[in-house]
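Trainee: Sequence below, structure please.
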Amino acid sequence: MQMGLRGRVLVFFAATAAGCLSVLAVGLWMGYHRSVDPAVIDALLQMGVAAGFGLLSFIALMWLMFDRHIVRPIEDVASALRARTHAEVIGDIDTPGAHHLGDLPAAASSAIASLTQARSNLFATVTRETSRLLADKSKLEQMLSDVAPAVLLCTGRHHLAFYNSVAQQSLSTPKIPVCLDRSLFDYLDDGAIRHAHQRLLEADMPDTIVEFVCSNPSGKRRLAGRMRLAGDNDGDAGAYVMTLRDVTEELAAFGRRDLLLNDVFAWARRAFATLQTLSDATVSETSNAPAGSRQELDALDGMMAELETRFEACRVDGWPMSLVDTRELTRQMQREFAAEGLALDVETDALAARCNAFDIVSLFTHLGRRVAGLHGPRQFRIGIAEQHEEAVLTLGWYGQGIERHDLEAWLSEVLHDDGPTAEKILRAHRTTVSLADSEGGASLSTRLRPIERLRPIAINLPRTVTYDFDLLSRVSYDRIHDARLDDLTYVVFDTETTGLLPDRGDELVQIAAVRIVNGRLVEGECFETLVNPGRPIPPTASAIHRVTDAMVVDAPGVLDVVERFHKFADNAVLVAHNAPFDMAFLYRREKELGIQFDHPILDTVHLSAIVFGQQETHTLDALAGRLTISLSQAERHTAMGDAVATAHAFLKLKSILMGRGIERFGDLQEQTLRHRRLVSNLNDRALKE
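Mentor: Here you go, the predicted structure:
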């Protein structure tokens, strides 16, 4: 156990007393041995004893005074500090005897006051931010609750972890209400959902979204779903987010529409056949039928054929079909074939075909199962290839072929409980199954259309929602000069060019911009593009910004990019570092495009001069170093890297200016007018720092 302050002081004074007595004893001992007169020795002993008691009394008195006026007040101050630190006691330190400690109590009171103020500020900040977060949370919950589709978050085991009110209303039954941690399959048939989930887990492309159609357990309701894996899944790699929309009536309406149009075309074909028969009879009787009537009939025949073709295309292209990666189809087929004890080799082009993936996989699995049951082959192969703007799916095997009547019987069978027949699936896809014999084997094939060729996609797609509910209460201003700096929207941009002289033909080669809303850099709201300048890029310029002629060959032209940037910056304040240089490249295109860059403009060179004085260096590198903004060499002199660095510099400069009382745009404009000469000099030198 550690000794307290009073104990330490007592030990100190006791040691002092022992030392004094030791010195006195040594003196008496030396006097005793040098003196021979007994009277002197007696006197020395008496004086020594008296001196010893005197020293002990004096030291004891000093300890008592020190303990009362120094040690105890220090302990009282320490206790008061602890009380105010840990028990949130409020008030100055005014303990008995504290005045003996000089400035210590006042200094401690000042420290406690600062601590109390800091706590109050922290509490106010936490309270304010907590209130804001709770308000944002409430708004988000209300939005998710009221959004039209049913929204569900499910674990990898298909248990509910989140649902909104629409999901609760649409999925609940009198017997089974929607509840957290219940199985999704208490409310929906599992086949299509498990299939879609498996497609997500095996997808090559990041952030894949799978569309599907499922039904409730009774099969009376049909729901269209969209599913994607959850981003922040807390270790559950199979967790997914799903939206559902009731399309029972919609599908019924599609069916009624198709039936009606089928009847219309059938009736029209019969009527046309009758007209053609009558026309032929008239020609045979009179031998001189008008040429115009025959031309009209031929035109009508051609129009009917074209309308039928367009109708078939609309039926195939319509919902609930969706574009599905054929590689996903073959993976699912392999999995289903393996479940039947069958092997399936795969070869497919990089295509996306419009189809109902679950039904197509079920169809080919059904056909493979029936072929294996009839002739016994266990090894199959599936190929998907592009032919004449169609995806041809071919299921082949080595061994005996099948008869047409066997195939027709298989197509009339139901593929799964309460599901469609194979023939109905083919009709829905407006296709058929054809038989073919090959050397040593046979195959079944069908065609899907329309198709798309797949292209590589970015691997780092953002998965965020962007919101700022403070915009709902933000004040609007009739004059921008009256607006608070935090109430304005800013577009911070930077350009890279072929040179420094726009009036002599230099052009943009790259432009990038980011947005600041409500004093916050908005992630994801950015503008970035290379620009084809329509002229060679000098090697000296490429050495700085690393943009070469080869990089801009397929880039959009200057006019297109400037027009797009003008729309991106609509209703915002433009911010740039040495803005006159960048704006010169935009101003010169106004007349050609019929637009005007009449935005308010702020220059971080101005702001730096206001904050740090004109005597300082105001390059972007110097400003970034002064404000401790990270700007790597790889990012420097790239449009986006410089734009982001400028945005961070602007935010910090704005905070400093607002701390000085410059809170409105008009106040800032007045300050910038004092530094015109600085910017003019920069423009004269035509430097792009």
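
Trainee: Tell me which other helices or strands the host helix or strand of Gly368 touches.
Mentor: Using DSSP states H and E, Gly368 falls within helix 357-375. Counting contacts by 3 or more CB pairs under 8 Å, 6 or more residues apart in numbering; DSSP states H and E, helix 357-375 is packed against helix 190-202, strand 210-215, helix 326-339, strand 379-387, strand 390-398, helix 404-411, helix 422-428, strand 441-448. Using the backbone N, CA and C atoms, a C-beta is placed for each residue, glycine as well.

Trainee: Let's have these in a markdown table, adding mean pLDDT, mean neighbour count and distance to Phe597.
Mentor: As requested, the helices and strands packed on helix 357-375 are arranged in a markdown table below (pLDDT from 0 to 100; neighbours: other CB atoms under 10 Å; distance: least, CB to CB, whole Å):
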| stretch | mean pLDDT | mean neighbour count | distance to Phe597 |
| --- | --- | --- | --- |
| helix 190-202 | 86 | 19 | 46 |
| strand 210-215 | 86 | 21 | 43 |
| helix 326-339 | 87 | 20 | 47 |
| strand 379-387 | 91 | 17 | 47 |
| strand 390-398 | 91 | 20 | 49 |
| helix 404-411 | 91 | 14 | 65 |
| helix 422-428 | 86 | 18 | 54 |
| strand 441-448 | 90 | 20 | 50 |
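
Trainee: Reformat these into JSON lines and put distance to Tyr477 next to each item.
Mentor: Shown next, in JSON lines, are these (distance: least, CB to CB, whole Å):
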{"stretch": "helix 190-202", "distance to Tyr477": "48"}
{"stretch": "strand 210-215", "distance to Tyr477": "45"}
{"stretch": "helix 326-339", "distance to Tyr477": "53"}
{"stretch": "strand 379-387", "distance to Tyr477": "58"}
{"stretch": "strand 390-398", "distance to Tyr477": "57"}
{"stretch": "helix 404-411", "distance to Tyr477": "70"}
{"stretch": "helix 422-428", "distance to Tyr477": "58"}
{"stretch": "strand 441-448", "distance to Tyr477": "57"}
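
Trainee: These: which one's closest to Gly231?
Mentor: Across these, Gly231 has its closest neighbour in helix 190-202 (12.6 Å, CB to CB).

Trainee: can you list contacts of the closest one?
Mentor: 158, 184-185, 208, 210-215, 225, 227-229, 237-238, 240, 242, 328, 331-332, 335, 357-358, 361, 416, 419 (CB atoms under 8 Å, 6 or more residues apart in numbering).

Trainee: Now do whichever strand or helix holds Glu129: which elements does it pack against?
Mentor: Per DSSP H and E, Glu129 falls inside helix 104-146. Helix 104-146 is packed against helix 72-86, helix 165-171, with contacts defined by 3+ CB pairs under 8 Å, 6+ apart.

Trainee: now do 10 Å
Mentor: helix 72-86, strand 160-163, helix 165-171 (3 or more CB pairs under 10 Å, 6 or more residues apart in numbering; DSSP states H and E).

Trainee: nearest to Val522, of these?
Mentor: Once those are compared by CB to CB, strand 160-163 is nearest, at 25.9 Å.

Trainee: Buried residues, that closest one. List them.
Mentor: By 16 or more other CB atoms under 10 Å, the buried positions in strand 160-163 come out as Leu160, Ala161, Tyr163.

Trainee: now do stretch 26-43
Mentor: Per 16+ other CB under 10 Å, stretch 26-43 contains these buried residues: Leu28, Gly31.

Trainee: Then stretch 500-507?
Mentor: Buried, per 16+ other CB under 10 Å, within stretch 500-507: Pro502, Asp506, Glu507.

Trainee: May I have that stretch as PDB, with CA atoms only?
Mentor: This file holds the C-alpha atoms of stretch 500-507, laid out as PDB (Å, rounded to 0.1, in the frame of the first residue of the first chain):
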ATOM      1  CA  LEU A 500      -1.000  27.700 -70.100                       C
ATOM      2  CA  LEU A 501      -2.400  29.900 -72.900                       C
ATOM      3  CA  PRO A 502      -6.100  29.300 -73.700                       C
ATOM      4  CA  ASP A 503      -6.200  32.400 -75.900                       C
ATOM      5  CA  ARG A 504      -3.500  30.800 -78.100                       C
ATOM      6  CA  GLY A 505      -5.300  27.500 -78.600                       C
ATOM      7  CA  ASP A 506      -4.500  25.500 -75.500                       C
ATOM      8  CA  GLU A 507      -7.400  23.200 -74.500                       C
END
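
Trainee: any chance of the helices and strands packed on helix 104-146 in JSON lines, with mean pLDDT too?
Mentor: JSON lines is the format used below for the helices and strands packed on helix 104-146 (pLDDT from 0 to 100):
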{"stretch": "helix 72-86", "mean pLDDT": "79"}
{"stretch": "strand 160-163", "mean pLDDT": "87"}
{"stretch": "helix 165-171", "mean pLDDT": "85"}
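
Trainee: Which of those sits closest to Leu393?
Mentor: Using CB to CB, the helices and strands packed on helix 104-146 put helix 165-171 closest to Leu393, at 34.5 Å.

Trainee: Among the buried residues of stretch 500-507, which one sits closest to Ala555?
Mentor: Taking the buried residues of stretch 500-507 together and measuring to Ala555 by CB to CB, the closest member is Glu507, at 11.6 Å.

Trainee: Surely the closest one and Pro538 touch.
Mentor: No - using CB atoms under 10 Å, Glu507 makes no contact with Pro538, being 11.4 Å away.

Trainee: what's the overlap in contacts for the two?
Mentor: Contact criterion CB atoms under 10 Å, 6 or more residues apart in numbering; residues shared by Glu507 and Pro538: Thr498, Gly499.

Trainee: re earlier: nearest to Arg636, of the helices and strands packed on helix 104-146?
Mentor: Comparing those by CB to CB, strand 160-163 comes nearest, at 43.8 Å.
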